[in-house]
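Visitor: Only the shape, not the letters, is given here:
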C-alpha cells in the first residue's frame, strides 16, 4: 500500500531512448511527518522512494549499480536500503514508510537533508546510479520561553518575599540569590504566578536575585533580569562631628542610617583597639538623620580621665545594632576628633609667695621681700594649683629676668640671682598633664648694687727708692636704702704683702680705723704706711669690703718694684736710673745735652743671615744685605722675556708696617729686576717680596746678585 499524507519531491527525471515515444522516467522521494514532540523538540518522519513512467518498466532493462537507499544519513541506522521494485508502467514504489526521529534546533526550526541513491543502470536511459540529497524544511516546533518578572517586598534582616509572574503557564519556579550561579525550586504548581518568602539570610547583606520558570507546554525556562536586594541590618554610621569632651554637657552628633527602628543600638567610643566607654539603649527612627547622644556625668568623667594626658585624639565611634541580645549585622564606625579646650580645662593657680633666701643680703636689707641686685637669691613658693577634668599638675616653673627654674612637686623653687634692678616681674606658671598652662605674676623690688669702687689710688715708695711705703686712695660703695635708711657701710679695709719671689702672702693689716667714711664715700691717706726692703720687689694686696663681705669684696693687687737710685755704682759700670747697669754707662730714660734732647741713637744692632740691621731709639729700624740666585730667562712677557718669581729671604725682624724696600744690582748680567704680579708677590712686614729678572732676549740659566735695603718702623 503506497504512502499517503506526505509530500513527494522529484529528484530525478530523464527521457528514455527506448521506443518511438520520448517518455521520461521520474524518481521521487517521499517525506511524511508522522508526529512532533514539543517537549523533546523532535519530529518523527517516514521516508519513501518511487518511480513513475508512462511505459512499462522491465527491471531486466536495468543493471545493478550499487545499493539503493534513502535516509537522513548515507549510512548507519538512519539510512534505509532496498532492492528494485515492481515492473510495469505508472507509479512503482521502491521503498516506503521508513521512520526516523530527528531533533530540531533550539529555536524549534529544522531544515533536514534527505540523502538518496537508486542503484540501477539503464542502458537505454540516463539512469546510471543516480544519488544526491534534498533539503526538506519541517514545521517549526514552539520553543518560545516564557517572559518572567518578579518583585521583592517585606525586606527584613533575615529575608524578603519574592513574587514572580510568567507570560505562560509554568510548572517549575526557581529563584537564585547569587546572580544565577545556583537555583532553588520554590514551586511546582502550574500557574502564571508564584511566590516565596526567604527567612534564613544574613542581615545587612546584598543579594543578587533572579527568578526563572519552566513553561509547562514545552518545558523551556524563561529567566528574569536581576535585582540587588539588601537585607535589613544594623545602623550605618555616615559621619561624626567633633566632640568637645570638657563641655559641661557632652553631646555626640552622628549621622546614622537606620534600617529597622525596632533594633536597639549601642555606641562605643574607642582609641585604636581600646574601648574607652560604651553607651547602650539607643533607639533611633528609620532613615538617615543626625542622632545626638549625650554622655552621663559618669561617662563624661570616664572619657576625660582617659584623656588626662591628651588635649585631643582621633576617636573611633562604633555603632552596633541588636535584636534582643543578638547583634544584627556588623558594627559600623567612623572616626572624629575628640578634644578638650583651654577655656574649659586649663589649670588654675592661687598665686605664690617669694622671698630672698640668701642670709647675707637678707641681713643687709632686714627684709626678705627686698632684693639686692646680683646677690640676693629669689625663692618662689607656689600657691595651690588645681588641674581640671581629670588632668594633673605636672610642672611648676618660676621665672624672672631671663632666669627660670622648675619642679614637678609644687615645692619652693630657687630661681637665682636677679641681675636687673628696680621693679622686676616674677612669674609662676603651672602646666598640667595635657599641656595646658596657667600663670600669675608679681612685681618685686630689686635694690641697685655694685661692689665697692676705687676712683683713685697711689701706692709707691717714698721718692720711688726708699723702704718707706705711701698709700692714698678714695672710692665709694653702693647705697642700700630701705625705707629711707642707708643700710650699707664699709666693714673691712686692710692690706697684706709678700716679696714677689715668695709664694704666699702674710697676714692682713687693718687700716679701717684710719679710713675716712662719709655716707657711701671713703678715703685713706698714709705716707708712712709700712717699710719694705728697698732692694726687693713686693706684691701688695689691698682689700675693701662692705656689708656683703666676701660676696662683693674689692681686691686690688700691685707690684711695688725695688727702689731705683738716681746713680748706681757697680764694678766698672755706672747706672743712671737703673740699679743694675748692663754697660759701662747704662742710662734709663732720655738724655739732654745743653738743654736739648740728644739726637736719635742706635739701641740695637747685629747680623742675621744675609742681613745687617740697626734699631734706633726713635723706633726706626733698617736692614740691608746681598742676595745671589740662579735662574733662566725664557718666558715671553710682551716684547720682553722674564724669569719665574724669585723669592727673597725674610727680614731679620718684623716691621710694624710695610717698610720701604730698595733693590739694586751688584752683578746684573745685563738683566733688569722688577716686581709685578698679584699682591702675593708684594712686600710685607716680614719679607721684601718676589722679583723677576727681565731681558729683551732669552738666556739660559745664569747667576745674578742684588742688594736689598729696607727701612721702616718697629
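Guide: Thanks, I have it. For clarity, every value in this text was computed on a predicted model and none was experimentally measured.

Visitor: contacts and neighbour counts: CA atoms only from here.
Guide: Noted.

Visitor: show me where pLDDT drops low in this structure?
Guide: 1, 16-22, 57-61, 84-88, 123-126, 564-599, 675-680 (pLDDT under 70).

Visitor: So which residues of it form helices?
Guide: Listed in chain order, the helices of the chain (DSSP state H) span 297-306, 342-345, 359-365.

Visitor: ok, and the closest non-adjacent residue to residue 252?
Guide: residue 293 (5.0 Å; C-alpha to C-alpha, 6 or more residues apart in numbering).

Visitor: Please enumerate residues in contact with stretch 350-365?
Guide: 368-372, 375-385, 428, 440-441, 480-482, 487-488, 547-548 (C-alpha atoms under 8 Å, 6 or more residues apart in numbering).

Visitor: who's in contact with stretch 687-700?
Guide: With C-alpha under 8 Å, 6+ apart, stretch 687-700 has contacts from 631-635, 639-651, 661, 670-676, 680-683, 710.

Visitor: just the buried members of the contacts of stretch 350-365?
Guide: 368-372, 375-382, 385, 428, 480, 487-488, 547-548 (16 or more other C-alpha atoms under 10 Å).

Visitor: Mind checking which of those are in strands?
Guide: When DSSP state E defines the strands, the subset of the buried ones among the contacts of stretch 350-365 inside them is 370, 371, 372, 377, 378, 379, 380, 381, 382, 385, 428.

Visitor: Hmm, residue 451 and the third one touching each other?
Guide: To tie it back to what came earlier, the one meant is residue 372. No. Applying C-alpha atoms under 8 Å, one finds residue 372 not in contact with residue 451, separated by 11.2 Å.

Visitor: Redo the helices of the chain as TSV? Include mean neighbour count and distance to residue 139.
Guide: Listed next are the helices of the chain as TSV, based on neighbours: other C-alpha atoms under 10 Å; distance: least, C-alpha to C-alpha, whole Å:
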stretch	mean neighbour count	distance to residue 139
helix 297-306	16	83
helix 342-345	15	92
helix 359-365	18	130
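
Visitor: got a list of contacts for stretch 476-490?
Guide: Contacts of stretch 476-490 (C-alpha under 8 Å, 6+ apart): 364-365, 372, 447-455, 517, 519-522, 544-547.

Visitor: Sorry, slip of the keys, the one I care about is stretch 320-335.
Guide: Residues contacting stretch 320-335 (C-alpha under 8 Å, 6+ apart): 157, 202-204, 233-240, 262-267, 314-319.

Visitor: The same query, at a cut-off of 7 Å, please.
Guide: Applying C-alpha atoms under 7 Å, 6 or more residues apart in numbering, the contact partners of stretch 320-335 are 203-204, 233-237, 239-240, 263-267, 314-319.

Visitor: Now, of those, which are buried?
Guide: So, by 16+ other C-alpha under 10 Å, the buried ones in the contacts of stretch 320-335 are 203-204, 233-237, 239-240, 263-267, 315-319.

Visitor: Among these, which are located in strands?
Guide: Going by DSSP E, the strands hold 236-237, 239-240, 264-267, 315-319 from those.

Visitor: ok, so of those residues, who is nearest residue 497?
Guide: residue 315 (79.0 Å; C-alpha to C-alpha).

Visitor: gap between that closest one and residue 245?
Guide: 11 Å (C-alpha to C-alpha, to the nearest Å).

Visitor: Find residues that contact each of those two.
Guide: Common neighbours of residue 315 and residue 245 (C-alpha under 7 Å, 6+ apart) are residue 338.

Visitor: circling back to that earlier point, how many other residues sit next to the residue nearest to residue 252?
Guide: A count of nearby residues for residue 293, using other C-alpha atoms under 10 Å, gives 14.

Visitor: right, and it touches residue 249 too?
Guide: No. Contact criterion C-alpha atoms under 7 Å: residue 293 and residue 249 do not qualify, at 10.6 Å.

Visitor: which residues does residue 24 form a beta bridge with?
Guide: residue 15 (DSSP bridges).

Visitor: just checking, it touches residue 52?
Guide: No. Counting by C-alpha under 7 Å, residue 24 sits too far from residue 52 to count as a contact (8.3 Å).

Visitor: and residue 196, what are its bridge partners?
Guide: Per DSSP bridges, the residues bridged to residue 196 are residue 162.

Visitor: how far away is it from residue 165?
Guide: For residue 196 relative to residue 165 (C-alpha to C-alpha), the value is 12 Å.

Visitor: Neighbour count: these two, which is higher?
Guide: A direct count of neighbours by other C-alpha under 10 Å for residue 196 and residue 165 places residue 165 higher, at 23 against 17.

Visitor: show me what contacts the nearest residue to the more buried one once chain neighbours are set aside?
Guide: Nearest residue to residue 165, sequence neighbours excluded (C-alpha to C-alpha, 6+ apart): residue 193, at 4.3 Å. By C-alpha under 7 Å, 6+ apart, the contact set of residue 193 is 164, 165, 166.

Visitor: again, only this time at 8 Å
Guide: Here residue 193 is in contact with 163, 164, 165, 166 (criterion: C-alpha under 8 Å, 6+ apart).

Visitor: Likewise for residue 551?
Guide: residue 375.

Visitor: Now for residue 475: which residues touch it?
Guide: Neighbours of residue 475 in contact, by C-alpha under 8 Å, 6+ apart: 452, 453, 454, 455, 456, 521, 522, 523.

Visitor: Repeat that for residue 374.
Guide: Residue 374 touches 417, 418, 419, 420, 449, counting by C-alpha under 8 Å, 6+ apart.

Visitor: State the distance from the residue lying closest to residue 656 once chain neighbours are set aside to residue 707.
Guide: What sits nearest to residue 656 in space, not counting adjacent residues and going by C-alpha to C-alpha, 6+ apart, is residue 714, at 4.6 Å. Distance of residue 714 to residue 707, computed by C-alpha to C-alpha: 22 Å.

Visitor: Could you check which of the two is surrounded by more residues?
Guide: Counted by other C-alpha under 10 Å, residue 714 and residue 707 do not tie: residue 714 has more neighbours, with 18 against 15.

Visitor: My read is that that one contacts residue 655, right?
Guide: Yes. In this structure, residue 714 is within contact of residue 655 by C-alpha under 8 Å, at 4.8 Å.

Visitor: residues shared between the contacts of those two?
Guide: residue 621.

Visitor: quick one, what contacts residue 652?
Guide: 608, 609, 611, 613, 623 are the contacts of residue 652 under C-alpha under 8 Å, 6+ apart.

Visitor: Quick check: PyMOL command selecting the buried ones in the residues you listed.
Guide: Entered in PyMOL, the line below selects the buried ones among the contacts of residue 652, by 16+ other C-alpha under 10 Å:
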select buried, resi 611+613+623
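
Visitor: My guess is residue 271 contacts residue 318. True?
Guide: No. Contact between residue 271 and residue 318 fails when scored by C-alpha under 8 Å: they sit 10.8 Å apart.
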